[in-house]
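Q: Next comes the sequence, and after it the predicted model I'd like to discuss.
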Protein chains: 4
Amino acid sequence: MAYFNDIAPIKYEGTKTKNMFAFRHYNPEEVVAGKTMEEQLHFALAFWHTITMDGADPFGSATMERPWDLEGGSELDRAHRRVDAFFEIAEKLGVKYYCFHDIDIAPTGNSLKEFYANLDEITDHLLEKQKETGIKLLWNTANMFSNPRYMNGVSTSNRAEVFAYGAAQVKKGLELSKKLGGENYVFWGGREGYESLLNTDMGLEMDHMAKFFHLAIDYAKSINHLPIFLIELKPKEPMTHQYDFDAATALAFLQKYDLDKYFKLNIETNHAWLAGHTFEHELNTARTFGALGSIDANQGNYLLGWDTDEFPTLVIDITLQGWILMHVRLKVQQPSLKTNSCLISLKNVIVHTRRQKLVNLSKMEQQLLKVLLLMLLSMGMTSNLILTT
Amino acid sequence: MAYFNDIAPIKYEGTKTKNMFAFRHYNPEEVVAGKTMEEQLHFALAFWHTITMDGADPFGSATMERPWDLEGGSELDRAHRRVDAFFEIAEKLGVKYYCFHDIDIAPTGNSLKEFYANLDEITDHLLEKQKETGIKLLWNTANMFSNPRYMNGVSTSNRAEVFAYGAAQVKKGLELSKKLGGENYVFWGGREGYESLLNTDMGLEMDHMAKFFHLAIDYAKSINHLPIFLIELKPKEPMTHQYDFDAATALAFLQKYDLDKYFKLNIETNHAWLAGHTFEHELNTARTFGALGSIDANQGNYLLGWDTDEFPTLVIDITLQGWILMHVRLKVQQPSLKTNSCLISLKNVIVHTRRQKLVNLSKMEQQLLKVLLLMLLSMGMTSNLILTT
Amino acid sequence: MAYFNDIAPIKYEGTKTKNMFAFRHYNPEEVVAGKTMEEQLHFALAFWHTITMDGADPFGSATMERPWDLEGGSELDRAHRRVDAFFEIAEKLGVKYYCFHDIDIAPTGNSLKEFYANLDEITDHLLEKQKETGIKLLWNTANMFSNPRYMNGVSTSNRAEVFAYGAAQVKKGLELSKKLGGENYVFWGGREGYESLLNTDMGLEMDHMAKFFHLAIDYAKSINHLPIFLIELKPKEPMTHQYDFDAATALAFLQKYDLDKYFKLNIETNHAWLAGHTFEHELNTARTFGALGSIDANQGNYLLGWDTDEFPTLVIDITLQGWILMHVRLKVQQPSLKTNSCLISLKNVIVHTRRQKLVNLSKMEQQLLKVLLLMLLSMGMTSNLILTT
Amino acid sequence: MAYFNDIAPIKYEGTKTKNMFAFRHYNPEEVVAGKTMEEQLHFALAFWHTITMDGADPFGSATMERPWDLEGGSELDRAHRRVDAFFEIAEKLGVKYYCFHDIDIAPTGNSLKEFYANLDEITDHLLEKQKETGIKLLWNTANMFSNPRYMNGVSTSNRAEVFAYGAAQVKKGLELSKKLGGENYVFWGGREGYESLLNTDMGLEMDHMAKFFHLAIDYAKSINHLPIFLIELKPKEPMTHQYDFDAATALAFLQKYDLDKYFKLNIETNHAWLAGHTFEHELNTARTFGALGSIDANQGNYLLGWDTDEFPTLVIDITLQGWILMHVRLKVQQPSLKTNSCLISLKNVIVHTRRQKLVNLSKMEQQLLKVLLLMLLSMGMTSNLILTT
């Protein structure tokens, strides 16, 4: 079943085009700093922002009805339609990578066993699509924050069976990563933190979190599939304080528990802002410790204290961030941006949707997209602020 | 159907009691500054925080299963059970007031007509309970923020039919206020604001909001029931900017559109903090303009940028707030105060004292501290932070 | 005495120029939206940021030695040298307006009388320079925050003699405004606010502040020189809370005390950010109430809680701000940006100074300057995001 | 010369006293949790907050004239008078420790040599006073932030001679620490950070900072005096970002450069708040990494983004902080606390308790509350917020 028949694949048509469904700046074949833009910018599409998001917020129910959710049948039927719609968008966008949480792709069912079976069925479909399109899995992760069982944490929970359930989800996640050829595996500790220190032994909980990660490393080794483990940093929300507060906090933890050899950091702009840092600061800190793994390039609102995941429009911020990345002289693995893979989570960047009154891409937005491309140019770049319009 | 048979009505048992279900300081009959504590502190219980709240947050589904929601039957059956449970709690607490949003008490059904009918049926039940218990309606309000229709505002929406639908909800709300003897009627403009100024004409939207309020005033006059109209202030969340940002902003709006004679302000601690003010500042501003209407006495977390609605535990904050209220010399109407799950209504709290540099605790301030303890107490409060003078 | 002999007047040389001392975008004669850039953008130079600033901060002493301060002689000699240096810079920049605090231009001496005499002498020199260069006084103001006497406010001080001393400074300021043909007169209430509400009667202090302003209006009328009175908004710093917190707060105050006919608002970006608003929000609020007076176009740092007064580099912010201004349809006085004068405080914008390592103006900064020009286009502009590069 | 003849030494007089110059709760001889209050709370007095502070702020000049500064003579004469006044206050308060920056106690003169000579003369006087009163040096430090030479950092400066000058100040500081028997030596990197990443190589600067610290360790060993090295954390102000942002950031740095064996952390409440943490969080983080060194127990204002160094009055915060400290099981060295005008040194405060959900106040917590009152008391404290259990 196709959902976007009326939209042709998005091509580069240069800055003069009036076609809303065209790249004005991103030209996959154009060589920038010795590599094509496609080699420089490994865009990856986020399954959840693209397909499952319904527009609800803490004060209101869903505001979006997605076509693939309106055709009845079982939850598994819907899951299959979602995979088709996702790869249709990815292909039309020309994106080469994607990422997902386990519960994004498959219904959780009524037991872990049922959830495992649903995951097996849907990942078969994903594998088929990967082969068909050439699109690769950048990373997968376990959603260990939406189910009420994780209310007080996963590895830092005060209940052993919750620690175990989380470990089971990660175990399955690593197996699926191997099955789908995932290059990284992400841990986002949205519930690993505290609401109040009055009922929290931070040292004990950190010991447990380290134990959880070491178990994951051991299991990955045991199945001969050790992807780069990425910690996604976020200081707060939903918890009052989250143990992966910022780059330095995660690095202090990783060093203390001899985990730094296996883990790098996944840095998101809006999360950096919530921790009181600029995005370029967090990139710089990770780079300084040789721990820059992946980037969720979005934007928040400095005046709001919660995560808004907006499309990046602050030209100077992006340029600064690009500037940092251009000086990426990573000592350890010499991972250029290409090999260690980086994720730009592009939320419906190009596809025009009926829902909102899209202001025509003006001159400013054209320059923005151009600058956005510069953001992730690889190692060895020398010139300082390069802005080609 | 009773839900709390095993809990006796909560009585005052003094500071030495070990009974978790007893007041240590709140003694309804004790006279403080010329009135009993009950007369001084008009606690009101919030229907939604007490009965419908299920513990969900933006990153996770519900974590609470309330007994009155687990007995099947129709939505109206559940609504009736909720009314019974609510009044059972209120009576056991000895609370004399309550407040609700329309969708808290009755199912919205599939049409405005059906919603009106459900509201009529449930408010009959509420009226019966009010007569049975003597508990009075402090205020009611229309929830004009959860339904997707209100995604871009109510009176400031860019769609006329949304303006009309909101007006219909307020019209019904005023009729129910008359039916139930409501003393105030609240407007919380959670969606009256903007996400971006790029698609917003703030002046036009304010004109519409003023028109909406004038319509409400005219209708209230037409049915001979003009309660005190209260604007609940909040600077943001869910919108990027909300037009009732803080006390001064609402006062500038009310004065500009000749609404200040009909409106007072409902001030909540956590909302004041999100606007970059202390609670006592907002109380002071409202008092200075003769517009102090009602208080939602809760607490947030200064380090978090979203609304957490916590029980007030910061003794010095509460004392400061009380100190401000002691200076409340209200001319026109009697303000009332609602603690976060109940509103404290402080009518003519204490006499205005001259402006002097207070060092030693005067007799007046000792009584203030007594009154202020109340703001910390509710059922089962075992606060270990007891402040005795 | 000349200080910048080696720097020729700054001319527009187009975007290709390599001359650091040239405008690449600001072409005074170029017509934009029906007026020349010069008519559209009434740049004014701030005496204090340009001449007296010495680079000290709360943790360290001065880091700049200005040539005009190093030639000995009396304080008055230095004051005269400063006037010469200032007009030399202003002329070379092609700026047509300037503004000052009283203590910027003349030594305060040992008594009010001596201060008055010094002001008379120096303003003779200023008048001579104004006639010589055609540069006009946009606004002057009294510095009523640096002297320890103003520690607890001016009109809101708890000492009558401080209220009087402040009034004397404003009286003299209005006379100088008349002498120099000032178009506006500014009030910045840096000390009008409180550290703690425990020793503050906000209502009483606001009454006194209103009285102070009415006295100023009466005096201005009595000497037949009633410039536009501007309130410069700032929420905090140095005080914990300042009574001109943001546009809405000032408007609520002005309306309450019937001052809105005489006062408009002077809005600074960094101060808006400190109040939890965007600059464009404050411009929009002022415009909506017909109270947009003047603009201090700078930038702060969203992650810092104090005033940093940085040069505006956030292209999208400036564009948004320009967008707001282009829709200035002021009802009351129909003051377009031209008549009611606007101040862009340009701090050493162009003149290259030895002190800092100036990064070459890249393509990005060229676009910035172009966009900065758009920021203040006057009424009637229709196109949305106009960015000409 | 005595300055406080009319004030008798401050004694414990119990809660009923009306004497403004008496302790109501702090009874040095009273045993709490197995030790006297004096042994539990090693108050230390800060030379600069107590003697040299003059009340200036970024917008206004000094507002205080201290008697010891008004008696003329040379700068060295004034320095000697300051030492006498300081020890007079410390003795009357019964404080047993003190701390200072080098430039607090001695004039810097016109050369490093002259500064060294002045330091030698004044520290002879300090040593004499230490012997006379029994008051000991908790820590000393070098002020490497006020002089313009440190504008761009000390060890992270872009000028080698500034690195060297700073090292010379620390060398002298370690010698004075030995001479005066200092137990700790503090490094506050107020200028070690950046204003913009555009002209900053964070990795290189951190390498230099680590080198600087290793040089200090080597020198301390060479003179047989290796006090506990303390890093005072602060996230910003004066710099945009400071490299000792918070506990985790400092720990990541110390671990990366093998410095964690020699350094512990000095944690100040207001600085923790500026980093977006609670004070108890930072104490907990330091304790978890075995790096809790010393505490500056003051308070800021959550709504202000700069350091206000206020006396701690938030009872619940202090109790939380105390609760954390009760769990302080320090292996290596003893931490000490300095209240804002004096540091509270809490050595092995109380016994570690297992992790349980505490509701009723145990015996231990009642004693905690007793100890925590001390943090509110100093001479003349007339706190109307007295918490008696």
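A: Happy to help now that I have it. Numbering: from 1, shown residues only, chains lettered A, B, ... in the order given.

Q: what ranges do the helices span in the stretch 101-250 of chain A?
A: Using DSSP state H, counting those that start in this stretch, the helices of the stretch 101-250 of chain A run over A:102-105, A:112-133, A:160-180, A:202-222, A:247-256.

Q: Which residue is the nearest non-sequential neighbour of residue A:306?
A: Nearest non-adjacent residue to residue A:306, counting by CB to CB, 6 or more residues apart in numbering or on different chains: residue B:306, 4.9 Å away. C-beta here means a position set from N, CA and C on the backbone, and glycine is covered the same way.

Q: dump the residue contacts of the one you found.
A: Counting by CB atoms under 8 Å, 6 or more residues apart in numbering or on different chains, residue B:306 touches A:58, A:237, A:305, A:306, B:237, B:274.

Q: Single out whichever of those residues has the smallest pLDDT.
A: Within the set of those, pLDDT is lowest for residue A:58 (94).

Q: ok, that one to residue B:189 distance?
A: Going from residue A:58 to residue B:189 by CB to CB, to the nearest Å gives 16 Å.

Q: For those two, indicate the residue with more neighbours.
A: residue B:189 (23 against 13; other CB atoms under 10 Å in any protein chain shown).

Q: Find the nearest non-adjacent residue to the more buried one, please.
A: Nearest to residue B:189 is residue B:244, by CB to CB, 6+ apart, at 5.2 Å.

Q: Got phi/psi on that neighbour?
A: Main-chain dihedrals, residue B:244, degrees, to the nearest 10: phi -100, psi 50.

Q: For the stretch 101-250 of chain A, which residues are neighbours of chain D?
A: A:197-199, A:201-204, A:206, A:235, A:241, A:245-246, A:248-249 (CB under 8 Å from any CB of the partner chain).

Q: Poorly predicted segments of chain A, please.
A: Chain A contains residues with pLDDT under 70 at A:314-389.

Q: swap the cut-off to 90 and go again
A: A:1, A:20, A:24-26, A:32-33, A:37-43, A:198, A:297-298, A:310-389 (pLDDT under 90).

Q: In it, which residue sits nearest chain B?
A: Residue nearest to chain B within chain A: residue A:305 (0.9 Å; CB to the nearest CB).

Q: Report the beta-bridge partners for that residue.
A: Residues in a beta bridge with residue A:305, per DSSP bridges, are residue B:305.

Q: got the contact list for it?
A: A:274, B:274, B:304, B:305, B:306.

Q: again with residue A:56
A: A:62, A:63.

Q: Quickly note the distance from it to residue B:57.
A: In terms of CB to CB, residue A:56 sits 12 Å off from residue B:57.

Q: on that earlier part again, any idea which of the helices of the stretch 101-250 of chain A is most buried?
A: helix A:247-256 (a mean of 25; mean count of other CB atoms under 10 Å in any protein chain shown).

Q: so that helix versus helix A:202-222, what angle?
A: Put simply, helix A:247-256 runs at 70 degrees to helix A:202-222, going by axes from the mean of the first three to the mean of the last three CA atoms, to 10 degrees.

Q: Now do helix A:247-256: distance to the chain's middle.
A: Chain-centre distance of helix A:247-256: 21 Å, with CA atoms, centre = their mean, to the nearest Å.
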